[in-house]
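S.K.: For reference, the sequence and a predicted model appear below.
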Amino acid sequence: MSDEADGPATRIWFNETWRGTYQLIGLLRAGAGSGRRLTVLGSHRIPSTPFLQACDEVVDEPPEVGDAFVEVALELCRRHRVDVFVPNREMLAIAEQADRFKADGIAVMCSPAEAVRTFTTKDGQYREMARRGLPVPRAVPVRTLAGFRAAYAALVADGLPVCFKPDVDHGGQGFRVIDPAAEELGALLAPPSVRVALSTVERILGSVPDFPALMVGQYLSGPEYSVDVLSDDGRLIAAVPRGKSGGPWTRELVDDPEVVELTRRVVAAFGLSYLSNVQIRYDDGRPVVLEVNTRAASGSYQSAAAGVNLPWLALRLALGLAVDDPAPTLPHTLIVYTEAMPMRSPRWATTPGPDRR
């Protein structure tokens, strides 16, 4: 495919997705510069979601799920002449039928369906990573108070601190660390925290006969890194580890060969492609995989400070263009802050001529 500025703009659609896509779109435009024209379409069920403010055009987020979503999404891509589709909501359904989009000349920017399916749940990904010899935390799924108590007792008996999180979650929602100090007055008067008393957990879990699966496991207290990843069919192209070990409001981009090597093993084991995120935490001096997301993390835009534009390189991959392996410049300390901006009315997309059929 040509890499020239003349000719029609590349049209890329982000459906309902995470807040960091606003900055990601900015990086796409910065990477394109004058070398390639881009038209960015966005959709979301909440029209005030920030990333739509960065889009050239807005379309309705299809309300359907599963196979029905695939049909509507494919028709939308045809009607609006989308070149690259970046799915988030209903990613698995799209990944399972990515060949249908490819047959229409539409690139789907996500990992293979098997990988997306594996990383949908914590239990599933822990089992599959352990089976491949990758280090993961000790954790078990529970669905009843009795199961929770048994898992908690086994961990405490081995002298391990305990945490839990939903088997299916997004953005760390529901993550809690069990801490006896959470019953003290100081905890009540302190800022909100992920730490919770055992009695509180048991009271809430005991109020229902069962509940959606929780992963109860060892809390790892070592340094944690969120690794922004660019890869192609299991080949790691770039990895930028981000940590929070510095001062307030800062993020650290670190040079950690052990973290990068573990990330490389994860990418190769599951054939990850395009943008993904591997969360790693140290345990007694060794890195352990906490979680893998088959999408970019909300904070992935911070990696640009290392001199690598991961979203732009991922788009080049999707368009079949050459991508040289970049060398991130590390380490860096960043200040992370937010800004306010006037809200503008979105421009609703119109069909740009005959569709692909």
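M.R.: Cool, got the structure.
S.K.: in the helix or strand bottoming out on mean pLDDT in the chain, what's buried?
M.R.: The helix or strand of the chain with the lowest confidence, counting by mean pLDDT, DSSP states H and E, is helix 185-189 at a mean of 86. Neighbour counts over helix 185-189 (16 or more other C-beta atoms under 10 Å) mark residue 187 as buried. (Each C-beta comes from the backbone N, C-alpha and C, glycine too.)
S.K.: ditto for stretch 213-223
M.R.: By 16+ other C-beta under 10 Å, the buried positions in stretch 213-223 come out as 213-220, 223.
S.K.: out of those residues, who's nearest residue 136?
M.R.: Top of the list for closeness to residue 136, among the buried residues of stretch 213-223 and by C-beta to C-beta, is residue 217 at 9.1 Å.
S.K.: Shouldn't residue 182 be within a helix?
M.R.: Yes - secondary structure of residue 182 (DSSP: H, G, I helix; E, B strand; the rest coil): part of a helix.
S.K.: Next one: it from residue 286, what distance?
M.R.: Applying C-beta to C-beta, to the nearest Å, the value for residue 182 to residue 286 is 29 Å.
S.K.: For the two, indicate the residue with more neighbours.
M.R.: residue 182 (21 against 10; other C-beta atoms under 10 Å).
S.K.: how about the more buried one, what does it touch?
M.R.: Residue 182 makes contact with 193, 195-197, 200 under the criterion C-beta atoms under 8 Å, 6 or more residues apart in numbering.
S.K.: Can you tell me which of those are classed as buried?
M.R.: Restricting the contacts of residue 182 to buried positions leaves 196-197, with burial counted as 16+ other C-beta under 10 Å.
S.K.: Give me the subset of the contacts of residue 182 that lies in strands.
M.R.: Of the contacts of residue 182, the ones assigned to strands by DSSP state E are 195-196.
S.K.: Lowest-confidence entry in the contacts of residue 182?
M.R.: Lowest in pLDDT among the contacts of residue 182 is residue 193, which has 91.
S.K.: Just give the closest residue to that residue, not the sequence neighbours.
M.R.: Spatially, and ignoring its direct neighbours in sequence, residue 193 is nearest to residue 187 (7.0 Å; C-beta to C-beta, 6 or more residues apart in numbering).
S.K.: ditto for residue 50
M.R.: residue 22 (4.9 Å).
S.K.: what about the helices in the chain?
M.R.: For the chain, the helices defined by DSSP state H occupy 21-32, 66-79, 91-96, 98-103, 113-118, 122-131, 145-157, 185-189, 198-205, 257-270, 310-318.
S.K.: And those helices: which comes nearest residue 279?
M.R.: Short answer: helix 257-270, nearest of the helices of the chain by C-beta to C-beta, at 10.0 Å.
S.K.: Tell me how many other residues surround residue 248.
M.R.: 6.
S.K.: Over to residue 326?
M.R.: 16.
S.K.: can you pull the contacts of it?
M.R.: For residue 326, the contacting residues are 237-238, 307-308, 313, by C-beta under 8 Å, 6+ apart.
S.K.: likewise residue 293?
M.R.: The neighbours of residue 293, taking C-beta under 8 Å, 6+ apart as the test, are 119, 276-279.
S.K.: in the sheet, who's paired with it?
M.R.: Beta-bridge pairing of residue 293 under DSSP bridges involves residue 277.
S.K.: Use 99 as the first number from now on
M.R.: Let's use 99 as the start, then, which means that last one is residue 391.
S.K.: Need the pLDDT of it.
M.R.: pLDDT, residue 391: 96.
S.K.: Check the gap between it and residue 260 for me.
M.R.: Going from residue 391 to residue 260 by C-beta to C-beta gives 24 Å.
S.K.: Pull the number of nearby residues for the closest residue to residue 271 other than its chain neighbours.
M.R.: Once flanking residues are discounted, residue 271 sits nearest to residue 264: 7.3 Å by C-beta to C-beta, 6+ apart. When counting by other C-beta under 10 Å, one arrives at 18 neighbours for residue 264.
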